[in-house]
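In: Generate a structure from the sequence data that follows.
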Amino acid sequence: MKIRAIEAAGGSCCVALGDGQKVYARISEAFLENRKVELSFAEAGDLTPAFLNAAVGQLYGSFSEEFIRCNLVFTDIGPEDEIILRRVLERAKCYFENADHYRKAVREVMGGEDE
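Out: Now for the predicted structure:
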């Protein structure tokens, strides 16, 4: 299944968290149907880490790294944007592998109670 980021997001720029959430919903739905996804960034103007975190980073909280690697391919992405994408994916993998540790650290910094 091919998903064009700008069509799923509803605009020519891929910058907003909410637009990334729309892309995530489409990818997640396809994954739940056991379908492979090609995510195309053709004609995408700007591309931000916030958008990418929402669109693909959070996939690591619902699907295994192996499943994502085997079922998601990125196309039509420029070299600069690919660097941003790789950083987002590495940070997402690290976060979801150690989510409890990160949540505890945030609670400590924010002054919240530890569960």
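In: next one: phi and psi at the residue positioned nearest the centre of the chain?
Out: Centroid-nearest residue in the chain: Val56, 1.6 Å away (criterion: CA atoms, centre = their mean). The phi and psi values for Val56, taken as degrees, to the nearest 10, are phi -130, psi -30.
In: And it, how far from Val23?
Out: Val56 sits at a distance of 8 Å from Val23 (criterion: CB to CB, to the nearest Å). Every residue, glycine included, has its C-beta placed from N, CA and C.
In: Name the helix or strand for Tyr24, please.
Out: Element membership of Tyr24, judged by DSSP states H and E, is helix 17-32.
In: What are the contacting residues of that helix?
Out: Here helix 17-32 makes contact (CB atoms under 8 Å, 6 or more residues apart in numbering) with 1, 3, 5, 8-11, 14, 36-37, 39, 50-56, 58-59, 62-63, 67, 71-72.
In: Could you do stretch 67-82 as well?
Out: Contacts for stretch 67-82 (CB under 8 Å, 6+ apart): 27, 31, 35-44, 47, 56, 59-60, 85.
In: and that stretch, how far from the chain's centre?
Out: 11 Å (CA atoms, centre = their mean, to the nearest Å).
In: ok, back up a step: which of the contacts of helix 17-32 fall in helices?
Out: The helices, defined by DSSP state H, take in Ala5, Ala8, Ala9, Ala50, Phe51, Leu52, Asn53, Ala54, Ala55, Phe67, Asn71 from these.
In: Sort out which one of these lies nearest Leu89 for me.
Out: Leu52 (8.2 Å; CB to CB).
In: Now do the closest one against Asn34, distance only.
Out: 24 Å.
In: between these two, who's got more neighbours?
Out: Under the neighbour definition other CB atoms under 10 Å, Leu52 and Asn34 were set side by side, and Leu52 has more, 26 against 8.
In: mind checking which helix or strand the closest residue to the more buried one other than its chain neighbours is in?
Out: Excluding its sequence neighbours, the residue lying closest to Leu52 (CB to CB, 6 or more residues apart in numbering) is Val88, at 4.3 Å. Counting by DSSP H and E, the element that carries Val88 is helix 79-97.
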